[in-house]
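S.K.: Sequence plus the predicted model coming up.
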Amino acid sequence: MAPHGPRAPLEFGGPLGAAALMLLLPATMFYLLLVARSGPARLLGPPPYLPGLQALWSPRALLLCLAWLGLQAALYLLPARKVAEGQELKDKSRLQYPINGFQALVLTALLAGLGVLAGLPLAALPEMLLPLAFAATLIAFVFSLLLYLKSQVAPASALAPGGSSGNPIYDFFMGRELNPRICFLDFKYFCELRPGLIGWVLINLALLVQEAELRGSPSLAMWLVNGFQLLYVGDALWHEEAVLTTMDITHDGFGFMLVFGDLAWVPFTYSLQAQFLVHHPQALGLPMASTICLINAIGYYIFRGANSQKNTFRKNPSDPRVADLETISTATGRQLLVSGWWGMVRHPNYLGDLIMALAWSLPCGASHLLPYFYLLYFTSLLVHREAHDERQCLQKYGLAWHEYCRRVPYRIVPYIY
Ligand SMILES: NC(=O)C1=CN([C@@H]2O[C@H](COP(=O)(O)OP(=O)(O)OC[C@H]3O[C@@H](n4cnc5c(N)ncnc54)[C@H](OP(=O)(O)O)[C@@H]3O)[C@@H](O)[C@H]2O)C=CC1
Ligand SMILES: CC(C)CCC[C@@H](C)[C@H]1CC=C2C3=C(CC[C@@]21C)[C@@]1(C)CC[C@H](O)C(C)(C)[C@@H]1CC3
């Protein structure tokens with residue numbers, strides 16, 4: 001079992017590290033937004049210029065962000081095709097979650113289409129990225145503060161294992177409450193999948209339209225980036241129920257790190273390749289485009305195969321699709337897969353995700369490092385996540401986890417790592 005309360009080891013260097021990250025993460029996001037639109041687009045140089053407050057603060061952008069959150073919350077509250085139960089909580093209860101994320105994506109696309117037909121200038125959105133990102137950051141700070149205050153009246157059984165150190169800065173950053181919600185609106189589940197992910201593909205689409213207006217038609221590179229990332233977001237929402245078993249939902253508190261990650265970092269930095277392409281057009285031949293599509297397809301095949309295999313197995317180990325796989329028994333009664341995808345490396349889903357990340361950058365060419373930022377950041381995120389998960393699995397499964405590591409020695413990349 002994971003350690004609780006004050007005994008939980010502090011991550012990210014404790015309160016000082018958390019305070020530094022609270023400044024560094026938004027600063028990095030603004031830096032990337034500025035660099036992407038600058039001529040040289042140098043990832044490792046000084047920022048091209050420092051925007052004044054008038055370039056960042058816009059009441060219209062704030063209203064737009066709030067309206068976006070309101071729209072996504074309304075779509076979340078619409079009748080769902082299914083209501084799923086989450087993992088068992090400390091008090092033995094299970095929370096309920098609507099499964100209507102894909103429906104929200106489709107309805108948002110319809111609304112956006114209607115808006116464009118009615119004269120909504122979608123291509124103007126990219127010009128507002130800086131003030132929108134600023135507004136999303138402000139919302140993230142205020143929302144995290146409200147969540148922190150709410151957690152002060154939450155029962156001890158509702159707290160996450162890692163966010164109750166007693167230090168307010170650290171706890172504000174990590175999040176104290178595991179599943180903060182008001183009635184049926186579960187804030188963490190909602191934020192992780194809806195406003196940020198759907199916002200990301202909407203920003204991508206707006207960049208595609210802007211490129212078409214600038215150059216007559218969208219480039220092949222822009223189509224690929226849009227297509228790949230839409231597939232990724234569509235897949236996440238189609239398999240929405242699977243997010244209920246990820247460690248963000250089952251283990252982590254909902255504090256500034258995740259709030260900012262979900263609401264600001266994902267839409268504004270994950271769309272960096274499309275932003276780059278508007279300002280730095282790339283000629284992409286068909287052979288190269290086909291190779292990149294193949295790389296994305298391989299990554300997706302591994303990512304989806306591994307995630308679905310584990311989810312199917314965790315739901316019902318005797319399901320015919322997984323019943324023949326080899327397993328190790330653990331003292332908890334749960335089993336670990338040691339063949340199939342999970343016999344290749346210990347995190348095959350991360351491997352697939354990383355291969356896709358490479359395919360998202362390749363359409364941007366090899367002249368700049370900036371479009372590869374996502375791949376670099378994502379590699380470090382997954383290495384950190386993998387180490388975190390290994391510690392948890394070792395605590396949970398003890399000797400059986402050692403046996404799994406002996407049988408499957410590589411973590412993410414076969415024969416390399
Ligand atoms: N695009 C992005 O920014 C991000 C994407 N991701 C993606 O999200 C997805 C989910 O990732 P994440 O939640 O980190 O981790 P995983 O989905 O890999 O879940 C890890 C858990 O799986 C179970 N498990 C591990 N090994 C086995 C095994 N051999 N057999 C059966 N169960 C096993 C354990 O939980 P238990 O035994 O309790 O079931 C373990 O804690 C990944 O595809 C990842 O790439 C993640 C972070 C960011
Ligand atoms: C701001 C920090 C640097 C880091 C914040 C991390 C978050 C951005 C990510 C933590 C886990 C995530 C997941 C997804 C998106 C990014 C965050 C929120 C995910 C929803 C992407 C789509 C996938 O299919 C998924 C498996 C559903 C992902 C779940 C984890």
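M.R.: Happy to help now that I have it. Numbering: from 1, shown residues only. Ligands and ions are numbered 1, 2, ... in the order given.

S.K.: other SSEs contacting the stretch of helix or strand residue 355 belongs to?
M.R.: Assigned by DSSP states H and E, residue 355 belongs to helix 348-361. Packing partners of helix 348-361 (3 or more Cβ pairs under 8 Å, 6 or more residues apart in numbering; DSSP states H and E): helix 220-238, helix 286-315, helix 373-397. Every C-beta, even on glycine, is put in place using the N, C-alpha and C of the backbone.

S.K.: can you give me how far the second one is from the chain middle?
M.R.: Relative to the mean C-alpha coordinate of its chain, helix 286-315 is positioned 17 Å out (Cα atoms, centre = their mean, to the nearest Å).

S.K.: Can that helix be said to contact ligand 1?
M.R.: Yes: with Cβ under 6 Å from any ligand atom as the criterion, ligand 1 is reached by helix 286-315 at 303, 307, 310, 314.

S.K.: How about that helix and ligand 2, any contact?
M.R.: No: for helix 286-315, no contact with ligand 2 is found by Cβ under 6 Å from any ligand atom; the gap never falls below 6.9 Å.

S.K.: Average pLDDT for the particular helix or strand that has residue 69 in it, rounded please.
M.R.: Here residue 69 is covered by helix 59-76, with elements defined by DSSP H and E. When pLDDT is averaged over helix 59-76, the result is 96.

S.K.: The helix or strand that comes right after it packs against which elements?
M.R.: Where DSSP H and E defines the elements, the next helix or strand beyond helix 59-76 is strand 83-85. Packing partners of strand 83-85 (3+ Cβ pairs under 8 Å, 6+ apart): strand 96-98.

S.K.: So for the strand it packs on, mean pLDDT?
M.R.: 93.

S.K.: Pull out the buried residues from it.
M.R.: Residues 97-98 are the ones in strand 96-98 that count as buried (16 or more other Cβ atoms under 10 Å).

S.K.: Now do whichever helix or strand comes after it: distance to the chain's middle.
M.R.: Sequence-wise, the next helix or strand downstream of strand 96-98 (DSSP H and E) is helix 101-117. Centre-to-centre, helix 101-117 and its host chain are 21 Å apart (Cα atoms, centre = their mean).

S.K.: neighbouring contacts of helix 101-117?
M.R.: Residues outside helix 101-117 that contact it (Cβ atoms under 8 Å, 6 or more residues apart in numbering): 71-72, 75-76, 78, 80-81, 120, 122, 193-194, 198, 201-202, 205, 233-234, 236-238, 240.

S.K.: Dump that helix to PDB, restricted to CA.
M.R.: The C-alpha coordinates for helix 101-117 follow below in PDB (Å, rounded to 0.1, in the frame of the first residue of the first chain):
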ATOM      1  CA  GLY A 101     -16.500  12.200 -23.700                       C
ATOM      2  CA  PHE A 102     -16.600  11.100 -27.400                       C
ATOM      3  CA  GLN A 103     -20.100  12.500 -27.600                       C
ATOM      4  CA  ALA A 104     -18.700  15.800 -26.200                       C
ATOM      5  CA  LEU A 105     -16.000  15.800 -28.900                       C
ATOM      6  CA  VAL A 106     -18.600  15.200 -31.700                       C
ATOM      7  CA  LEU A 107     -21.000  17.800 -30.300                       C
ATOM      8  CA  THR A 108     -18.200  20.400 -30.000                       C
ATOM      9  CA  ALA A 109     -17.100  19.700 -33.600                       C
ATOM     10  CA  LEU A 110     -20.800  20.200 -34.700                       C
ATOM     11  CA  LEU A 111     -21.000  23.500 -32.700                       C
ATOM     12  CA  ALA A 112     -17.700  24.700 -34.100                       C
ATOM     13  CA  GLY A 113     -18.900  23.800 -37.700                       C
ATOM     14  CA  LEU A 114     -22.100  25.700 -37.100                       C
ATOM     15  CA  GLY A 115     -20.200  28.600 -35.600                       C
ATOM     16  CA  VAL A 116     -17.900  28.800 -38.700                       C
ATOM     17  CA  LEU A 117     -21.000  28.700 -41.000                       C
END
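
S.K.: which is the next helix or strand following that helix?
M.R.: Assigned by DSSP H and E, the successor of helix 101-117 is helix 129-151.

S.K.: which helices and strands sit right next to that following helix?
M.R.: helix 14-37, helix 53-56, helix 59-76, helix 168-174, helix 256-260, helix 266-269.

S.K.: any idea how far the residue of the stretch 301-417 of the chain found nearest ligand 2 lies from residue 412?
M.R.: The minimum distance from the stretch 301-417 of the chain to ligand 2, using Cβ to the nearest ligand atom, falls at residue 381 (6.2 Å). Counting by Cβ to Cβ, to the nearest Å, the gap from residue 381 to residue 412 is 12 Å.

S.K.: Then residue 97?
M.R.: 29 Å.

S.K.: Leaving out the residues flanking it, which one is nearest to residue 94?
M.R.: Among residues not flanking residue 94 along the chain, residue 85 sits closest, at 4.4 Å (Cβ to Cβ, 6 or more residues apart in numbering).

S.K.: Thought residue 299 was touching residue 353, still the case?
M.R.: Yes: taking Cβ atoms under 8 Å as the definition, residue 353 is a contact partner of residue 299 at 7.1 Å.

S.K.: so where's this structure shaky on pLDDT?
M.R.: 1-8 (pLDDT under 70).

S.K.: That one against ligand 2: which residues are in contact?
M.R.: 25, 192-193, 235-236, 243, 246, 248, 257, 260-262, 265-266.

S.K.: any idea how far the residue of the stretch 51-200 of the chain found nearest ligand 2 lies from ligand 1?
M.R.: When distances are taken as Cβ to the nearest ligand atom, the stretch 51-200 of the chain reaches nearest to ligand 2 at residue 192, 5.2 Å away. Taking Cβ to the nearest ligand atom, to the nearest Å as the measure, residue 192 falls 10 Å from ligand 1.

S.K.: Good, wrapping up.
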